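# turn this into a structure:
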Amino acid sequence: MKAPSHQPVLGVQNYLEEAVWCLKPVNEAAVFISSRTDAGVHTLCNSAHLDIQRRGLQSPFKGEELVSALNHALRPQDIRVTGAWRVYSIFSARHRALSRTYVYCLATGTPHHTHSSLTHSKLCWFLPNMELDVCAMREACSLLLGTHDFSTFSALSSDAAFKSPIKTLELAQLQPSVSFAWQHFNRNIQHWEFTFQSRSFLYKQVRRIQGLLEARDSLVFPNNVMAPPHGLFLTRVEYQKSGSQGRPGDVVSREEEEEWAS
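Numbers count the residues shown, from 1 in each chain. Below is the predicted model of the structure:
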């Protein structure tokens, strides 16, 4: 996400554009990110597109060349580019995405968050001395599946009036989880993951999926009742596969593209 001009902290998009500028392209190569995230939210997988033109008679960047060059410029930051492919001119990382998957991590079984392992202290939400009603929570997840008016779970934003609150949640599940650190950290801590998948989400929707679905009003949401951002991860952005390599290529007509972007 690109940080607003008045915000002192830069976003991932800002750093990516600075890295692109280091390559000295002929054009002003803006970066367009597929998914925005709040400050403090983690991203394990995101995508972006840009148009970049090299100077002189240099041939266009190959994927591996662009990845290496951008990562060299990004070395001071905790940001990495993992792959790059050429796509058709009408491709949009944002509007062509078929689905986005978020995982929210939480942990129970600690008297205080300071009893957690340092490797996970800022990677999940610790709920001290709390036992989850897993059956009830899974039942609630099943009620969220499908197409609903998710206004209750939308935080107010400058563009909220221009976005439809009708969203289709394709996946909503709660599962126990383990990691290397948890297996070797000698504490009775249970780690859980909420997974949500949809083509698009409302602003702060995943962190606010609590309360009354039928209310359809963000103003009825209790103040300060929202999960902290550090437990949330964007884990996957999916596109229609192109050929056998599954890369985000252009395999639909312009009419379909315009419909997806609406």
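# verify the stated contact: Ile52 with Ala29.
Yes - using CB atoms under 8 Å, Ile52 is in contact with Ala29, at 4.3 Å. (Glycine included, C-beta is placed from N, CA and C.)
# overlap in contacts, these two.
Counting by CB atoms under 8 Å, 6 or more residues apart in numbering, the contacts common to Ile52 and Ala29 are 20, 23.
# ranges for the helices of the stretch 151-262 of the chain?
180-184, 254-261 (DSSP state H, counting those that start in this stretch).
# mean pLDDT for those: which is lowest?
Across the helices of the stretch 151-262 of the chain, helix 254-261 has the smallest mean pLDDT, namely a mean of 33.
# contacting residues for the residue most central in space within the chain?
The residue lying closest to the centre of the chain (CA atoms, centre = their mean) is Leu234, at 3.1 Å. By CB under 8 Å, 6+ apart, Leu234 lies in contact with 35, 37, 41-46, 100-102.
# those residues in strands, which ones?
Counting by DSSP state E, the contacts of Leu234 place 42-43, 100-102 in strands.
# how many other residues sit next to Ala155?
Ala155 has 15 neighbouring residues, counting by other CB atoms under 10 Å.
# find the residue closest to it in space, skipping its chain neighbours.
Lys204 (3.9 Å; CB to CB, 6 or more residues apart in numbering).
# then Asn188?
With CB to CB, 6+ apart, the residue lying closest to Asn188 is Gly109, at 5.0 Å.
# quick one: that neighbour from Cys124, how far?
For Gly109, the distance to Cys124 (CB to CB, to the nearest Å) stands at 12 Å.
# now do the same contact list for Tyr102.
By CB under 8 Å, 6+ apart, Tyr102 lies in contact with 195-197, 201, 206, 232-235.
# so what pairs up with it in the strands?
Under DSSP bridges, the beta-bridge partners of Tyr102 are Phe196, Leu234.
# where do the helices of the stretch 1-150 of the chain begin and end?
For the stretch 1-150 of the chain, the helices defined by DSSP H, counting those that start in this stretch cover 12-22, 63-73, 134-144.
# what separates the last one from the chain centre, distance-wise?
Meaning helix 134-144. Its chain's C-alpha centre and that of helix 134-144 lie 23 Å apart, by CA atoms, centre = their mean, to the nearest Å.
# repeat that for the second one.
Its chain's average C-alpha position is 22 Å from that of helix 63-73, according to CA atoms, centre = their mean.
# elements contacting that helix?
helix 12-22 (3 or more CB pairs under 8 Å, 6 or more residues apart in numbering; DSSP states H and E).
# and the strands in the stretch 151-262 of the chain?
166-177, 190-198, 232-238 (DSSP state E, counting those that start in this stretch).
# how about Cys22: what's its closest non-neighbour residue?
Nearest non-adjacent residue to Cys22, counting by CB to CB, 6+ apart: Ala73, 4.2 Å away.
# go on, Leu74?
That would be Ala19: by CB to CB, 6+ apart, it lies 5.0 Å from Leu74.
# same question for Gly40.
Leaving out its chain neighbours, the residue that sits closest to Gly40 by CB to CB, 6+ apart is Pro229, at 3.3 Å.
# got it, and Ala181?
Thr119 (4.3 Å).
# since we're on Trp21, how many residues are nearby?
Trp21: 12 surrounding residues under other CB under 10 Å.
# what's the answer for Phe233, then?
If we define neighbours as other CB under 10 Å, then Phe233 has 22 of them.
# I'd say it and His42 touch.
Yes - taking contacts as CB under 8 Å, Phe233 lies within contact range of His42: 4.6 Å.
# the residue nearest to Ala155 and Ser121: what is the separation?
With the distance defined as CB to CB, Lys204 ends up 23 Å from Ser121.
# quick one: which of those two has more around it?
Using other CB under 10 Å as the criterion, Lys204 and Ser121 rank with Lys204 on top: 21 against 14.
# give the contact list for that one.
Contacts here follow CB under 8 Å, 6+ apart; on that basis Lys204 touches 38, 153-155, 226.
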